[in-house]
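[1] one predicted model, sequence on top.
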Amino acid sequence: MKKSLLILALWTSLGAPLKGAERPRIVTLLPSFTETLILLGGIGQIVAVSDAEDSRVLPSLPRVGGLEPSWEALALLHPDLILADT
């Protein structure tokens, strides 16, 4: 159920932005979140990924940790949304 709600929220937020509005800057801290976001068409909104991400996936993006992220690196990216799990 939680995963369905996450997908619905992402699908809604990835839609066409309002006139003059920017699309959200997203950091994914789990490879499965990155894959889901890519499948939903949000690849252009991802600004950083986890250290666990395959190096062939989005190789130009910074790696900012995972279960213990680098809070300093995250703060410098000014993300609108951080997708993580506990």
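    On my side now, so go ahead.
[2] neighbours of L77, how many?
    16 (other Cβ atoms under 10 Å). Using the backbone N, CA and C atoms, a C-beta is placed for each residue, glycine as well.
[3] please apply the same query to R63.
    16.
[4] what bridges to it?
    V49 (DSSP bridges).
[5] list the contacts of the closest residue to V57 other than its chain neighbours.
    Among residues not flanking V57 along the chain, T34 sits closest, at 6.6 Å (Cβ to Cβ, 6 or more residues apart in numbering). Shown in contact with T34 (Cβ atoms under 8 Å, 6 or more residues apart in numbering): 28, 46, 49-50, 53, 57-58.
[6] and L74, how far from L39?
    To L39, L74 is 24 Å away according to Cβ to Cβ, to the nearest Å.
[7] can I get the contacts of T34 in a markdown table including distance to A84 and secondary structure?
    A markdown table is the format used below for the contacts of T34 (distance: Cβ to Cβ, whole Å; DSSP: H, G, I helix; E, B strand; the rest coil):
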| residue | distance to A84 | secondary structure |
| --- | --- | --- |
| T28 | 8 | strand |
| I46 | 14 | strand |
| V49 | 12 | strand |
| S50 | 9 | coil |
| E53 | 13 | coil |
| V57 | 17 | coil |
| L58 | 17 | coil |
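[8] which residue ranges of this protein form strands?
    In the chain, the strands defined using DSSP state E lie at 26-28, 46-49, 81-83.
[9] what's the ChimeraX line that selects buried ones from the contacts of T34?
    The buried subset of these, as determined by 16 or more other Cβ atoms under 10 Å, is captured in ChimeraX by this line:
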select :28,46,49,50,53,58
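[10] mind putting the contacts of T34 into CSV with distance to V64 and pLDDT?
    Formatted as CSV, those follow (distance: Cβ to Cβ, whole Å; pLDDT from 0 to 100):
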residue, distance to V64, pLDDT
T28, 10, 94
I46, 11, 96
V49, 7, 96
S50, 7, 94
E53, 10, 92
V57, 14, 88
L58, 12, 92
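[11] which non-adjacent residue is nearest I43?
    Nearest to I43 is L37, by Cβ to Cβ, 6+ apart, at 7.1 Å.
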